[in-house]
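>>> show me how the following folds:
(one chain, ligands or ions: 3)
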Amino acid sequence: MSDIIYTKVDEAPELASASFLPVIQKFAAAAGVSVGTKDISLAGRILAAFPAHLTEQQRQTDDLAELGQLVKTPDANVIKLPNISASVPQLVAAVKELQSQGYALPDYPDAPKTDAEKEVRAKYDGLKGSAVNPVLREGNSDRRAAKAVKSFAQKNPHRMGDWSADSKTKVSAMSGGDFFSNETSVTLKDAATAKIVLVTDAGETVLKDAVSYPAGTVVDATFMSAAALQSFLAEQIEATKAEGTLFSLHMKATMMKVSDPIIFGHAVKAFLAPVFDKHGDTMAARGVNPNSGLGDLLARVKDDAAIMSDIEACMAARPPMYMVDSDKGITNLHVSSDVIIDASMPALIRAGGKGWGPDNKEHDANCVIPDNSYAPIYDESIKFFKENGKLNPATAGTVQNVGLMAQKAEEYGSHPTTFEIEEAGAVRMILEDGTILHEHKVEAGDIWRSASARMAPIQDWVNLAIDRQKAEGCSAIFWLDAERAHDAELIAYVKPILEAKGVADKFEIMAPREATRASLEIITAGQNTIAITGNVLRDYLTDLFPILELATSAKMLSIVKLMNGGGLFETGAGGSAPKHVQQLQEENHLRWDSLGEFCALGESLQFLADAKGNEKARVLGQAVDSATQGILDHGHSPSRKVGEPDNRNSHYWFARYWAEALAAQNSDAELAAHFAPIATALADGEDAILSELAEVQGPAVDLGGYFHTDATKTSAVMRPSKTLNAIIG
Ligand SMILES: NC(=O)C1=CN([C@@H]2O[C@H](COP(=O)(O)OP(=O)(O)OC[C@H]3O[C@@H](n4cnc5c(N)ncnc54)[C@H](OP(=O)(O)O)[C@@H]3O)[C@@H](O)[C@H]2O)C=CC1
Ligand SMILES: O=C(O)CCC(=O)C(=O)O
Ligand SMILES: [Mg+2]
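Numbers count the residues shown, from 1 in each chain. Ligands and ions are numbered 1, 2, ... in the order given. Just a heads-up that it's a prediction; the model follows:
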């Protein structure tokens, strides 16, 4: 196993790796540090799942499973780049592409009937949504802006949209019948095994058997009423129309891969209700599944003139929709993974409460977030900015995050215990000894789920918060609502630990809405605070605050201290930015900023030094920090526009500053001597390298694929400077 694993992913970050990884490998080798790769890309995971369909040469090892084992050992040192969390349309597109490249994969079965089809479907379902992060995240999360990055953002504030007090933008959430209001929660005294059953007039159906929990686990159960959701959505469509705003729906269909595509499907059905009423049977016969989105629906009915004209008439009568790409007519409801709440809501808030409409203009929006568990953080942010105007990134302090994430904590681990209920009855969660832990009366179509959080991760999370507060000395708030069932159980863990450690006075506990306001007040005053949150708010806040403070979450330091002693260094908090790939293909400019990778690399090398006593790795890591500082100080981050320096330029500068820092340091003479000629060659080659990089921009390029690119073609595109390649090798 290599000293450091650098993950192979998809889309923009993978393109960046084609240019950056050779630099890392060359520099690390000088310190005897090996940097290997493991493939967690969507295409790689698909290939690994179907060995029997592939030739020996086409087969791929299950790298995700290997990494899943590695992160449970003290040897883990993994740099994890963002990967695709696939919706069904993305998965289907990736399979098609691989088939076209000669991989004899089975089609994704829309409606599996035979056992063989069901087996294929189960394999594909295992690859859906956020199938990677939960496997690797065997630790809690520490996300913050590195000091250098934060002070750069303050000195070079990004543009923010203006807020006006009469903005019609708002958040709409259900006032009952949702996951929030139906939640019940219990902390298990002893280890237990439970089954989940649906009891109806006809008897008992086992939904899930043998779910086991160690002692001390907090086990929740809740459901969303389909009827309450439907009437809420119908009301919101009408209200949006009356208010003259854009209808927008914000979900996390990737992470919440069972519940949220269903909720998304309800919204598709509600928006096109008259069409479903009239043509429901015909559409069903054509394989229309509203959960797959409007994009898939349109593709299936496009040659049926009657349905198409009814869709057009319905859309014309509806409020205008928030658009993903107004040039191409891609709406909010086309694909469930296009609008992902953690990124979409902050972008809208940063823009002054504006979203793009079908007319390619910005408008106020009704932000529909059906479940009310976390909607209040966006609602309160919007209210705060309406009252106080936009945040000033030049003077704002920062909100760091310590997130409970380990071992599939809370809602983000709930997919195996989430069910769309087929028949009215009662769902019971029953322990081996017959104790009924949870019980809910449900109707057909309701979405029932159980989530849990284990004791060891909870304790580790509180202790991490104590360490981080001590290191920063700033305000620290547990975002927990004493009135919410699950949060009350967590508070029962948090308070005694804080008291036992004598630090209770350093922390506050506030419900998410109050914590949002308090945190915005703190950063507006130029002070800092640490948000100590559960898993979902970890996700939401580590985009919300970075996007307001730094313009993007890609620049965040994201450390996962693994519970068994290893380290996982995630790059940024952002995703894979598909728009960036498109731009590269169309005009050979990659605007992806690798700052997240730079920060993670520095941390990973320092971790290696501490864990393995490798002092050369420490010197390399310290030099990475100087190189990152150099990129910021000299403004060498990528530009967004073709013809200007891009991601590849930033890697040249990074290599140069890294080599210069290594040549200049005096802790390790051998490394200094090794890197001095490299630094000189990089400096001497500056003109040639920059002109070779500039020359290629403009024309379209071919990567040989989108999900499964051709390595040779990608390398040629991403490493166009022969002068630089001669130095890096
Ligand atoms: N950790 C993980 O593995 C994660 C994976 N994802 C996956 O990523 C994909 C896209 O997700 P999406 O929600 O659109 O969010 P993204 O974070 O990819 O993008 C939001 C916007 O942020 C900007 N951005 C993000 N990263 C960078 C960067 N490094 N450099 C410059 N700009 C950046 C881009 O703005 P602009 O276009 O204006 O330049 C981008 O369009 C999905 O497939 C999703 O499942 C998402 C989140 C986390
Ligand atoms: O795994 C995913 O799909 C998204 C993860 C994410 O958004 C985050 O951790 O911030
Ligand atoms: Mg996120």
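
>>> show me what from the stretch 251-400 of the chain comes close to ligand 3.
Along the stretch 251-400 of the chain, the residues adjacent to ligand 3 under the rule C-beta under 5 Å from the ion are residue 342. In short, each C-beta sits where N, CA and C put it, glycine included.

>>> in the stretch 251-400 of the chain, what residue is nearest ligand 2?
Proximity to ligand 2, evaluated over the stretch 251-400 of the chain using C-beta to the nearest ligand atom, is greatest for residue 254 at 4.0 Å.

>>> for the strand ranked longest in the chain, list every residue counted as buried.
If each strand of the chain is counted by residues according to DSSP state E, the longest one is strand 203-213. Across strand 203-213, burial judged by 16 or more other C-beta atoms under 10 Å covers 207, 211, 213.

>>> now find how far off-centre it is within its chain.
Its chain's average C-alpha position is 30 Å from that of strand 203-213, according to C-alpha atoms, centre = their mean, to the nearest Å.

>>> after that strand, next one along is what?
From strand 203-213 onward toward the C-terminus, using DSSP states H and E, the following helix or strand is strand 218-224.

>>> distance check, whichever residue of the stretch 601-729 of the chain sits closest to ligand 2 against residue 609.
Nearest residue of the stretch 601-729 of the chain to ligand 2: residue 707, at 16.0 Å (C-beta to the nearest ligand atom). Separation of residue 707 from residue 609 (C-beta to C-beta, to the nearest Å) stands at 36 Å.

>>> any idea how far residue 114 lies from residue 502?
With distances defined as C-beta to C-beta, the gap from residue 114 to residue 502 amounts to 63 Å.

>>> now residue 559, what are its backbone angles?
According to degrees, to the nearest 10, the main-chain angles of residue 559 amount to phi -110, psi 130.

>>> how about it: what's its closest non-neighbour residue?
Counting by C-beta to C-beta, 6 or more residues apart in numbering, the nearest residue to residue 559 once its immediate chain neighbours are dropped is residue 142, at 4.5 Å.

>>> quick check: what element follows the helix or strand containing that neighbour along the chain?
With the criterion set as DSSP H and E, the secondary-structure element containing residue 142 is strand 139-144. Under the assignment DSSP H and E, the closest C-terminal helix or strand after strand 139-144 is helix 147-155.

>>> on contacts alone, who are the packing partners of the longest strand of the chain?
Contacting strand 203-213 under the criterion 3 or more C-beta pairs under 8 Å, 6 or more residues apart in numbering; DSSP states H and E are the following elements: strand 192-200.

>>> now the angle between strand 218-224 and the strand it packs on, please.
Taking axes from the mean of the first three to the mean of the last three C-alpha atoms, to 10 degrees, one finds strand 192-200 and strand 218-224 inclined to each other by 20 degrees.

>>> could you give the angle of strand 192-200 to strand 203-213?
Note on geometry: by the same axes, to 10 degrees, strand 192-200 and strand 203-213 are set 160 degrees apart in direction.

>>> spell out which parts of the stretch 451-600 of the chain neighbour ligand 2.
By the rule C-beta under 6 Å from any ligand atom, the part of the stretch 451-600 of the chain lying against ligand 2 is 539, 542, 573.
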